[in-house]
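Asks: task: produce atomic coordinates for the following.
(2 chains)
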Amino acid sequence: MPVSLLWAVDVYGRVYSLSTAGQQWEQCRDAQMEFKRVTAAQQCCWGIACDNNIYLNVHASDLPVRYQEETYENQRWNPVDGFSERLLPSDRWQWSDVTGLQHQPLDSFQLPSSSWEWEGDWYVDENFEGEPTEKGGWSYAIDFPATYTKDKKWNSCVRRRRWLRYRRYKAMDTWAKIPSQQTTLPDPFSDISCGGWEISEEPRGRLSLWAVSLQGKVWFRDGIYHHNPEGSLWEEVFLPGEVIQISCGPGDLVWAVLWEGQLIVREGISRDCPKGSSWAVVESPSPDVGAIHVAVGINVVWAVTKDNKVWFRRGVNSHNPCGSGWIGMVGEMITINVGLNDQVWAINCEDRAVYFRQGVTSSELSGKTWKAITVPRDGDRSHSSASANSLQSAGCYFCGEVRAQSVVSDAESDTEKGSADGANSSNPPTDPPKPRIPKVTSDSFISELVSDREPGKSSRDTGSAPPSGGPLDPQWSNVDLEEAQQAQTVAVQDTADTCSLSSVATYTLAMEDPYGADEHPLWAWVSGGGCSVDSHSQLNWFNFSMNTLVSSVQSMSLSVSPAQTAAWRRQIFEQLSERTKREMDNFRHYEQAVEQSVWVKKGTMQWWRDWKPHKWIDVHFALEQFSGPDGNKDGILFIYYNYYEEKKYLHAFINEVTILVPVLNDSKHTFAIYTPERTKQRWPIRLAAATELEMHDWLALLSVSCCDSRGIHGPPSKQAIWSITCKGDIFISEPSPGLEAMPYPTPCDQMFWRQVGGHLRVVECNSVGIVWGIGYDHTAWVHTGGYGGGFFQGLASSTDNIYTQTDVKSVYIYENQRWNPVTGYTNSYKYCSPELSQTKRVSDWAIDYSVSGGTDREGWQFAADFPASYHGYKTMKDFVRRRRWARKCKLTTTGPWQEIPPIPLSDVTILPCTAQSSVDVIPVWAISNKGDVLCRLGVTALTPAGSSWLHVGTDQPFKSISIGAASQVWAIARDGSAFYRGSVSARSPAGDCWYHIPSPAKQKLKQVSVGRTSVYTVDENGNLWYRQGVTPSYPQGSSWEHISNNVRKVSVGPLDQVWIIADKVQGSHSLSCGTVCHRLGVQPVEPKGQSWDYGIGGGWDHITVRGNSVEPPRLRLPSLTDPSSRSPVPVRNTEVNGVGN
Amino acid sequence: MADDKDVLRDVWFGRIPTCFTLNQDEVTEREAEPYYLLLPRVSYLTLVTDKVKKHFLKVMRAEDVEEMWFEYEGTPLKWHYPIGVLFDLHASNNVLPWSITVHFKNFPDHDLLHCPSNSVIEAHFMSSIKEADALKHKSQVVNDMQKKDHKQLWMGLQNDKFDQFWAMNRKLMEYPTEDGGFRYIPFRIYQTMSDRPFIQKLFRPVSPEGSAHSLGDLLKEMYPDAITNDGEQKRYQVVIHGIEPLLETPLQWLSEHLSHPDNFLHICVIPLTHQPAG
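Replies: Now for the predicted structure:
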């Protein structure tokens, strides 16, 4: 889980945040004033301050918020001046927007607020539709509203060019005031709630922000996007009554509470209309007592009534935002908040502590119990005895509305204002502290309470009282109380070892005072909208012990990273090896008491039979294991089946099995077993277990058995080859020394692959052992150096570097309709793709607009007939239409991966090091899911996750990137063109500028991989291209040479070895798509190689060989170039490619 | 870098070199050679000494043979304690190999349990596992297992199959993460100078305040004398599997990694005989 923050405001209006990894509330020091309310998203937090203005705190990120301003310069040709700014009266402005309708001179662009700054000056965009213009950026046309080309023709009468300038949001990690609108709002805001980031596919940053004014009006903030975090303007939303509070969930739920106690639900909220269209009224949960507070999530609504009772709304989802009925819940709360994953926080009306609802899962949304968050604040003194210095002081206030609660309260308030006269100190020392009841309601934060203060830090509490330097500030302490306490402390001083304040004394003191014991902060508001926890999260918020020092927590954690191996663990490791030396080393010649024997495990399974018609048949399955002659364990796998009443069996030697792969199947739990022979056939042994658990048990056992027989144990080596299947499963293979040998490399169908836990879409590595992965949800992960996880438990897994990993994958259904003249489009019939097992769906079916080819407003795509190419608009010739529905499934597993928050990535590349190289800081480049190019700083072998991102500016979004061994960086833009980054070096890790490289004719590139010197790209039509003419002095090269078709992905390694994922590989029994292939015959004089060798597949999506820098043993043989010993047919120019046997 | 998994292997594959000699008083047809064997620390004497028995029977007449039992320096060795515990408790500070005397007569009924067959050992072993799981998981895990799973545990121990045993035993070592450990830690504390066989009480891995209990916390409550206070001379060794873990070692970790196959943490407290300071 990434670290994220829970935000809260205490009754003094101080803003605090609590990290999911933390154990104390951190005060937001930046807040210059007190806040009434906060509402958080993952990337920012909004708040209403006591000046009734709205403030925004955008969390700093390595990825800047930047906005591209553009304007066009237009010119017309005339015989006298040539092209000039003299335009015809009917023409557009000399400076205009792209349509020519808006007059846009350069100096008309203003920064939207003081939170912005310009990145640089205006410059001309040289890139025209993916190709460099090299003519000052001009593009030409016959007349203005026309088609532009980059070449000037005889009839080009007009030309234009684009000017660009970036502005950057600078007010990061600080509370920046949202500028009030020109049309002043009628009255100040009293409540605020943000959400709605899941209703569209926009990248993180789009928000719906709802606000309530003191007069009960509701406003919607329009135009909040990543590039415009402040939004643009307030729009009033018309209401059936006066609203007192509003809540907006991450999805399309918005509920509000009316002054009279009913609730209203916003209807009609959608991707195109985040503001919604109308309100529906829902009665208060209790007929007599009105609601005062509501909180909504994605599929839940919680409410609080005026008697502090908590209610849960049944049956809420995006089709039925009103739900069906109320259920009363245990607990008395004043406010409640729903955060990410429908997790719930509330503030208890008794102790004003923040409570977390435990056990909230997608199947049990109402959770199980309330649990108080007991961590201290950062200002609290020693946690062990915080109450020992519970000094009496008055509360502070901020909202300008002070009510006299009692005489005591008045006196204390005076103290607060700095007019302490020491009157309290005249009390006799035995005088017990007066009980004080904090008077707090959810709307007025006037309070008066007992609280602990840290001497010297007390000034921050009010700002009105000057701090004094002494350890005890008389203005802040009840002196006699302090003395009494010290007297008691002395009595136990002897036994207390280090802590000067004894908790024993504290407790006796505290017991006398019913409220003094409450050293907890008193909270007024909580917001979990940015807090990413779920029922799996391990939080250290609850077990906070008042008597235990924090330091002991470290030894409590059973999973300690190697770097911080505790002394006790080291001691055990050392003593065990000493014991072995002492008791065994001199006695190895003794006979063993127990002789080894054969061990058999049996089970039943289903097998996809080899003969036609293929179907699943029941089989008995047995694994026999024994110790081989060389001490390695070995085994044989038997599959017993019936063939026309005759008992037969199939067997495989464990030491010949090359891989065990879980296979996606909609109804069964299946896996495949490959041997080199079966890889050649493209026909593995396919087995199905009765349950997922049974399959995992078998996979774990077989996998251990295979690894044992090959003597492979422990973590992957630095040279390991990593690959990923279309299911997201991760496999590694240890390269044999002969894998890249010339002329007889190890055939790649003999490579042994083992699985490691986790779920990824992309993995990249290099030869110093740095491995990064990217999940389907674009989360970045770094390999911890461990192995196992997932279903590999116990022995096949390391323990101290396995973490929970989650991923979100979309599952799609196509809705297809055919048009007929009578009824128009008919009812739908759906094609359903299989659902993932082991997953929980996190969203309902929703129309997916992000289909390639585009869609209309309802998500439909049109075509002449099924199956054909679809487009996003209807024409006369279209008779069928389809639209895609998507549902997100969340998968939770474990693996040797740690998240690198917070920027989601779409591609990553790590410098491939040669075997001899000694690079300390390793360049890592990445593309964010928004297309920004990023350069990771601080990546070393010891800190593979690095420290921070450096943003590298581009004029358009990118999608693929690769860095070569000599720091040559190549990238592919979203428009399919290639770029080369100039002057990248250790001194200048981000380089200086991009050189535009034209793509192969009529092809849009999609992926690039750069090895030692070779540059390979793959285009969207599956062609593999080699860059010709790359030399040290001319690193951009000269032209693209076609190598192969049917290629999905390429990985070029530090030896310039070339591996691909290929489609349509023909085996002797079957055809496979997504197959790992190895380019044969690659050598310095022939970097393009000669032919392909086919490895594991199909079903593979990704491979990286960039860790394998082991130079093959040098063999000098007379005939080097005759590949006839193994002659796979080159993929080139054949639609379906066969393996040569 | 050592891994916690290696600890499990080291514990399982711990061996004690042992020299078996026949008791002088046994009637033999010819002189009996001593028999040398590597005994698995985690197994039971009567389970791994078939070879010893065969060896000595060769020199004896059948009518002189009764139930075999073992003795070390006058102490009859209880077969139902793991071998490693017997060694640590009685012989750990002596020279290797461990010299055990084999008897075929005068079975000490008041000291030892009879062990007519391996099924008795199996019953004892399985009842220990069940008792341990009662403490750890209210017996939920062991009751969920099938008969063949129980058999797998036993066969794993009997045949010295680490993988086979741990494939099943790992289920007994799981616990809900939110609990921070087992319900109670199954442990036994052995002492040489006591009539009580061992100390076994309820003890949780996590304190009510939520901090992890350490080995020291356990001993403080169960056997305070075993702890060496500051300024004192060390009087006792606290030995598990022949090593002395630091007192700050978390008890839960010890239970998961240094328990015997019977799922108990067997802790030996051995008095130190101090040389007078010279």
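
Asks: okay, CA-based contacts and neighbour counts for the rest of this
Replies: OK.

Asks: need the residues of the stretch 51-200 of chain B near chain A, please.
Replies: Listed as neighbours of chain A in the stretch 51-200 of chain B under the rule CA under 8 Å from any CA of the partner chain: B:51, B:96, B:158-161, B:163, B:166-167, B:170, B:177-178.

Asks: distance-wise, check the residue most central in space within chain A relative to A:Arg92.
Replies: Nearest to the mean C-alpha position of chain A, counting by CA atoms, centre = their mean, stands A:Thr779 at 3.4 Å. Distance of A:Thr779 to A:Arg92, computed by CA to CA, to the nearest Å: 46 Å.

Asks: inside helices: which ones of the residues of the stretch 51-200 of chain B next to chain A?
Replies: B:51, B:158, B:163, B:166-167, B:170 (DSSP state H).

Asks: select only the buried ones of the residues you listed in ChimeraX?
Replies: Applying 16 or more other CA atoms under 10 Å in any protein chain shown to these, the buried members can be selected in ChimeraX as follows:
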select /B:51,158,163,166,167
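
Asks: closest one to chain A out of the ones in helices among the residues of the stretch 51-200 of chain B next to chain A, please.
Replies: Set against chain A, the nearest of those by CA to the nearest CA is B:Arg170 (6.0 Å).

Asks: could you pull out the helices for the chain?
Replies: Assuming you mean chain A. Under DSSP H, chain A gives helices at A:407-416, A:459-462, A:479-492, A:503-512, A:552-556, A:567-583, A:676-681, A:692-710.

Asks: if you could check chain B rather than the one you did, that'd help
Replies: Under DSSP H, chain B gives helices at B:4-12, B:50-57, B:83-91, B:118-137, B:140-144, B:147-158, B:162-172, B:215-222, B:251-257.

Asks: can those go into a markdown table with extra columns for mean pLDDT?
Replies: Shown next, in a markdown table, are the helices of chain B (pLDDT from 0 to 100):
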| stretch | mean pLDDT |
| --- | --- |
| helix B:4-12 | 85 |
| helix B:50-57 | 88 |
| helix B:83-91 | 91 |
| helix B:118-137 | 93 |
| helix B:140-144 | 89 |
| helix B:147-158 | 87 |
| helix B:162-172 | 87 |
| helix B:215-222 | 91 |
| helix B:251-257 | 91 |
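
Asks: let me have the ones you listed in JSON lines, extended by distance to A:Lys930.
Replies: Shown next, in JSON lines, are the helices of chain B (distance: least, CA to CA, whole Å):
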{"stretch": "helix B:4-12", "distance to A:Lys930": "41"}
{"stretch": "helix B:50-57", "distance to A:Lys930": "71"}
{"stretch": "helix B:83-91", "distance to A:Lys930": "61"}
{"stretch": "helix B:118-137", "distance to A:Lys930": "49"}
{"stretch": "helix B:140-144", "distance to A:Lys930": "48"}
{"stretch": "helix B:147-158", "distance to A:Lys930": "52"}
{"stretch": "helix B:162-172", "distance to A:Lys930": "44"}
{"stretch": "helix B:215-222", "distance to A:Lys930": "52"}
{"stretch": "helix B:251-257", "distance to A:Lys930": "45"}
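
Asks: buried residues in stretch A:350-363?
Replies: For stretch A:350-363, by 16+ other CA under 10 Å, it's A:351-362.

Asks: give me the beta-bridge partners of A:Val1010?
Replies: In this entry, A:Val1010 is beta-bridged to A:Val1015, by DSSP bridges.

Asks: would you check that it makes contact with A:Ser967?
Replies: No: between A:Val1010 and A:Ser967 there is no contact under CA atoms under 8 Å: 9.5 Å.

Asks: and those two? which has more neighbours close in?
Replies: Between A:Val1010 and A:Ser967, A:Val1010 has the larger neighbour count (other CA atoms under 10 Å in any protein chain shown), namely 32 against 25.

Asks: quick one: contacts for that one?
Replies: For A:Val1010, the contacting residues are A:962-965, A:968-970, A:1016, A:1051-1053, by CA atoms under 8 Å, 6 or more residues apart in numbering or on different chains.

Asks: quick one: pLDDT of A:Arg453?
Replies: We note a pLDDT of 35 for A:Arg453 in this prediction.

Asks: check A:Met33 too.
Replies: At A:Met33, pLDDT is 81.

Asks: wait, it sits on A:Ala49?
Replies: Yes: counting by CA under 8 Å, A:Met33 does reach A:Ala49; the two are 6.8 Å apart.

Asks: more crowded one of these two?
Replies: Neighbour totals were compared for A:Met33 and A:Ala49, and A:Ala49 leads with 24 against 17 (other CA under 10 Å).

Asks: and the more buried one, what is it in contact with?
Replies: A:Ala49 sits next to A:33-37, A:55 when contact means CA under 8 Å, 6+ apart.

Asks: of these - the most surrounded one?
Replies: Sorting these by how many neighbours each has (other CA under 10 Å) puts A:Lys36 first, at 29 neighbours.

Asks: I'd assumed A:Asn53 was in contact with that one.
Replies: No: counting by CA under 8 Å, A:Lys36 stays clear of A:Asn53, with 10.3 Å between them.

Asks: from the stretch 851-1000 of chain A, which residue is nearest to chain B?
Replies: Closest approach between the stretch 851-1000 of chain A and chain B, counting by CA to the nearest CA: A:Thr894, at 13.6 Å.

Asks: residues touching A:Gly82, list them.
Replies: A:Gly82 makes contact with A:Arg76, according to CA under 8 Å, 6+ apart.

Asks: so what's it scoring on pLDDT?
Replies: 83.

Asks: how far away is it from A:Asp634?
Replies: 84 Å.

Asks: next: A:Gln1036.
Replies: With distances taken as CA to CA, A:Gln1036 is found 52 Å from A:Asp634.

Asks: before we move on, what about A:Arg37?
Replies: Applying CA to CA, the value for A:Arg37 to A:Asp634 is 66 Å.

Asks: one more: A:Pro521?
Replies: A:Pro521 sits 62 Å away from A:Asp634, taking CA to CA as the criterion.

Asks: again with A:Lys152
Replies: Applying CA to CA, the value for A:Lys152 to A:Asp634 is 73 Å.

Asks: now do the contacts for the residue nearest to B:Gln158 when sequence neighbours are not counted.
Replies: Nearest residue to B:Gln158, sequence neighbours excluded (CA to CA, 6 or more residues apart in numbering or on different chains): B:Leu47, at 7.2 Å. B:Leu47 is in contact with B:118, B:121, B:158, counting by CA under 8 Å, 6+ apart.

Asks: correct me, but A:Asn337 touches A:Val354?
Replies: No: here A:Asn337 does not reach A:Val354: they are 10.3 Å apart, not a contact under CA under 8 Å.

Asks: intersection of neighbour lists for the two?
Replies: Common neighbours of A:Asn337 and A:Val354 (CA under 8 Å, 6+ apart) are A:345-346, A:526.

Asks: and those, which is closest to chain B?
Replies: When the shared contacts of A:Asn337 and A:Val354 are compared for distance to chain B (CA to the nearest CA), A:Trp345 wins out at 18.6 Å.

Asks: how many residues are close by the closest one?
Replies: By the criterion of other CA under 10 Å, A:Trp345 has 27 neighbours.

Asks: quick one: it and A:Phe356 touch, right?
Replies: Yes: counting by CA under 8 Å, A:Phe356 is a contact partner of A:Trp345 at 4.6 Å.

Asks: so who does A:Pro989 touch?
Replies: A:923, A:935.

Asks: neighbours of A:Thr149, how many?
Replies: By other CA under 10 Å, the residues close to A:Thr149 number 17.

Asks: can you give me the distance of it to A:Leu164?
Replies: Taking CA to CA, one finds A:Thr149 at 19 Å from A:Leu164.

Asks: so who does residue 178 touch?
Replies: Picking chain A for this. A:53-56, A:230.

Asks: wait, chain B was what I had in mind.
Replies: Going by CA under 8 Å, 6+ apart, B:Glu178 touches A:Gln538.

Asks: equivalent analysis for A:Ser1051, please.
Replies: Residues counted as contacts of A:Ser1051 (CA under 8 Å, 6+ apart) are A:1009-1010, A:1058-1060, A:1103-1106.
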